[in-house]
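Q: Pasting the sequence and the predicted coordinates here, then a few questions.
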Amino acid sequence: MTDKLYERDSYCNKFNAVVCECTPMDGKYGVVLDRTAFFPEGGGQAADKGTIHGIPVVDVQRKGTVVIHVLETELPVGEEVSCELDWGLRYSRMQGHTGEHILSGVVNALYGYDNVGFHMGDSVMIVDFNGRLSAEDVKKIELAANKAVYTNADIVVSYPSVEELETMRFRSKIELTEDLRIVSIGENIDCCACCAPHVAKTGEVGIIKVLDFYSYKQGTRIEMVAGIHALTDYMDLNVRSKELMKMLSVPREGIVEAVREKNTAYQNLYNDYQKNVRKLALYELAPVEIGASVCAVAEGLAFDELRYCANQLMEREYGVCMLFSRNSADEYGYVVSSKCKDIRGLSGKLNETFSGKGGGQAGYAQGKIKVSDEARLKAFVEELLQSEI
Ligand SMILES: [Zn+2]
């Protein structure tokens with residue numbers, strides 16, 4: 001059994017320990033120490049990082065009552081080694097995990113919902129609740145959680161007896177056992193069964209910020225940050241908003257309106273541009289009449305423009321209209337349309353002859369074909385439209 005220092009003292013980040021076992025493990029080594037402050041992966045939190053005997057710890061896993069540290073290099077069994085945690089990383093996770101407990105405690109107290117899923121990412125934490133929350137609810141939760149931070153309440157770890165646990169009110173997904181670790185925050189902020197290290201005072205969490213929330217399964221998923229990650233998120237957003245203020249020449253509160261105005265102006269210009277492109281395409285088109293039908297080969301037109309030209313030509317009462325656009329050396333887009341005939345057969349023949357793809361409805365089809373010899377395409381279309389007469 002490993003003496004788990006992290007369960008008693010979250011702040012222990014440098015310690016000495018004796019190497020009890022060192023076993024080869026998939027090209028690496030599984031090291032068991034007599035005592036450890038390295039928190040193993042579990043309860044939604046990743047394993048601690050750091051060094052043992054100067055060698056980086058790749059992973060930490062819990063197996064029964066033993067903690068296994070995974071290292072790239074073998075360690076001498078029986079020797080005492082010095083160990084050091086990546087304290088910046090661990091402390092940010094303690095801030096985050098306590099922040100999550102505070103927020104979950106507030107949700108439970110205000111709405112009675114339970115935390116049914118938790119994942120701690122590199123900075124953002126994902127928390128799932130088994131009930132729906134509105135934007136107004138989330139705002140209320142966020143304020144209450146941060147007010148709990150300001151009280152700078154104590155966070156206490158205890159191991160109550162089963163009898164004591166039966167009379168206690170606490171959040172837990174775990175079955176009641178003798179050695180259940182209970183993390184209590186303040187008098188009534190939160191009480192929850194948890195194996196992870198936490199900060200000692202709520203004030204250390206700094207900021208609790210909900211980044212997003214949305215319906216998930218039957219409840220709500222919250223994406224949140226706390227501690228140093230909440231501060232750096234705000235610092236990053238501030239840099240971005242200052243950049244936008246400069247680009248748009250507006251104060252911070254005017255950014256959204258300025259972007260909206262620019263979007264509308266752009267959309268109007270784009271619509272006008274599209275109309276002109278279509279008109280120009282029709283103007284430059286050199287349609288060839290074959291019997292009662294019409295065809296043309298243009299250059300670099302999108303389907304939207306081809307369709308517009310076809311619709312305009314159809315106004316002139318042609319039987320069938322076949323338009324092509326040379327888009328690259330051998331790729332041609334096509335549009336076939338008719339007001340009175342089912343043109344799907346024509347589109348099928350084009351695809352068949354020129355290794356094409358596409359189709360549509362009785363009066364309109366579009367697609368792409370491979371053409372290595374344009375003269376062959378023109379001859380084929382002429383023959384096809386002749387046979388339609
Ligand atoms: Zn926890």
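A: On my side now, so go ahead. Residues are numbered from 1 along each chain as shown.
Q: residues from this protein in reach of the ion?
A: Selection of the chain residues close to the ion by Cβ under 5 Å from the ion yields C194, A196. Where you see a C-beta, it was placed from the backbone N, CA and C, and this is true even at glycine.
Q: and the longest helix for the chain?
A: Looking across the chain with DSSP state H, the single longest helix is helix 255-284.
Q: Following that helix in sequence, what is the next regular element?
A: Tracing the chain past helix 255-284, the next element assigned as helix or strand by DSSP states H and E is strand 288-290.
Q: Okay, now the sheet partners of that following strand, with direction.
A: With DSSP bridges as the test, strand 288-290 is paired with strand 293-299 (antiparallel).
Q: Just the buried residues of the helix or strand just after the strand it pairs with, please?
A: With elements assigned by DSSP H and E, the helix or strand that comes after strand 293-299 is helix 303-314. Neighbour counts over helix 303-314 (16 or more other Cβ atoms under 10 Å) mark E305, L306, R307, Y308, C309, A310, L313, M314 as buried.
Q: Repeat that for stretch 284-291.
A: Buried residues in stretch 284-291, counted by 16+ other Cβ under 10 Å: L285, P287, I290.
Q: for R169, what are its contacts?
A: Counting by Cβ atoms under 8 Å, 6 or more residues apart in numbering, R169 touches C191.
Q: quick one: it is in a strand?
A: No. Under DSSP: H, G, I helix; E, B strand; the rest coil, R169 sits outside any strand and is assigned coil.
Q: From the ion, how far out is it?
A: Distance from R169 to the ion, counting by Cβ to the ion, to the nearest Å: 17 Å.
Q: Give me the neighbour count for the closest residue to the ion within the stretch 251-389 of the chain.
A: The stretch 251-389 of the chain approaches the ion most closely through R252 (36.3 Å), counting by Cβ to the ion. By other Cβ atoms under 10 Å, the residues close to R252 number 11.
Q: contacting residues for it?
A: S241, M245.
Q: same thing with the one 10 residues further on?
A: Residues touching K262, when contacts are defined by Cβ under 8 Å, 6+ apart, comprise L248.
Q: how close does it get to L237?
A: 20 Å (Cβ to Cβ, to the nearest Å).
Q: Same question for the longest strand along the chain: list its buried residues.
A: The residue-count maximum for a strand in the chain (DSSP state E) belongs to strand 14-25. Applying a neighbour-count criterion of 16+ other Cβ under 10 Å, one finds F15, A17, V19, C22 buried in strand 14-25.
Q: Excluding chain neighbours, what is closest to E187?
A: By the measure of Cβ to Cβ, 6 or more residues apart in numbering, the closest residue to E187 outside its immediate chain neighbours is A153, 7.3 Å from it.
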